[in-house]
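Enquirer: Got a predicted structure plus its sequence, pasted below:
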Amino acid sequence: MSAAATNQPSDVTGNLRQMIAVLEQERQALASLDTDALTCTTRDKEALCNALMPMDAGDLTVEARALAETAQQLNEVNRRVRNLLAANVAARLDALGAPRATYTPTQYASA
């Protein structure tokens with residue numbers, strides 16, 4: 001998917017609709033841990049962000065503003081899922097590689 005940067009309201013609305021579709025694809029890729037799909041959605045999001053960058057928020061129509069808010073909410077949900085996955089992977093790697101600290105009564109007996 002490639003998005004051309006234009007300043008027409010219908011193009012902005014179309015780009016925002018595409019962004020929402022890409023964010024839904026990203027959510028599905030996160031759920032299935034599909035790294036190829038995540039790579040594609042990242043590239044698509046970046047292209048759409050570049051296409052939308054020249055727009056001023058004050059120039060948005062009511063419809064475009066609602067689509068932008070929806071996209072923002074979806075992106076936030078996806079960000080939280082990514083963070084949870086990253087924390088889970090980090091915890092698993094720590095469990096595999098780091099020695100575990102165990103409780104020993106002698107550590108606290110002399111205090």
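Expert: Received it, and whenever you're ready, just let me know what you need.
Enquirer: where does the protein dip in pLDDT?
Expert: For the chain, the stretches with pLDDT under 70 are 1-9, 98-111.
Enquirer: elements contacting the lengthiest helix in it?
Expert: Longest helix of the chain, by residue count under DSSP state H: helix 62-97. With contacts defined as 3 or more CB pairs under 8 Å, 6 or more residues apart in numbering; DSSP states H and E, helix 62-97 has these neighbours: helix 9-32. All C-beta spots, glycine's among them, are computed from the backbone N, C-alpha and C.
Enquirer: Can you check what angle separates the helix it packs on from helix 62-97?
Expert: Between helix 9-32 and helix 62-97, the angle comes out at 20 degrees (axes from the mean of the first three to the mean of the last three CA atoms, to 10 degrees).
Enquirer: Pull out the buried positions in the helix or strand that helix 9-32 is followed by.
Expert: Using DSSP states H and E, the helix or strand that follows helix 9-32 in sequence is helix 35-52. Residues of helix 35-52 classed as buried: 38, 40-41, 44-45, 47-48, 51-52 (neighbour count, 16 or more other CB atoms under 10 Å).
Enquirer: which of those residues lies closest to Glu24?
Expert: Of all those, Glu24 sits closest to Thr41, with 9.3 Å by CB to CB.
Enquirer: any idea how far Glu76 is from that closest one?
Expert: Thr41 is 15 Å from Glu76, where distance means CB to CB, to the nearest Å.
Enquirer: check contacts around Ala29.
Expert: Contact analysis of Ala29 by CB atoms under 8 Å, 6 or more residues apart in numbering lists 35, 37-38, 41.
Enquirer: Would you format those as JSON lines with distance to Val12 included?
Expert: Putting these into JSON lines (distance: CB to CB, whole Å) gives the following:
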{"residue": "Thr35", "distance to Val12": "31"}
{"residue": "Ala37", "distance to Val12": "26"}
{"residue": "Leu38", "distance to Val12": "26"}
{"residue": "Thr41", "distance to Val12": "20"}
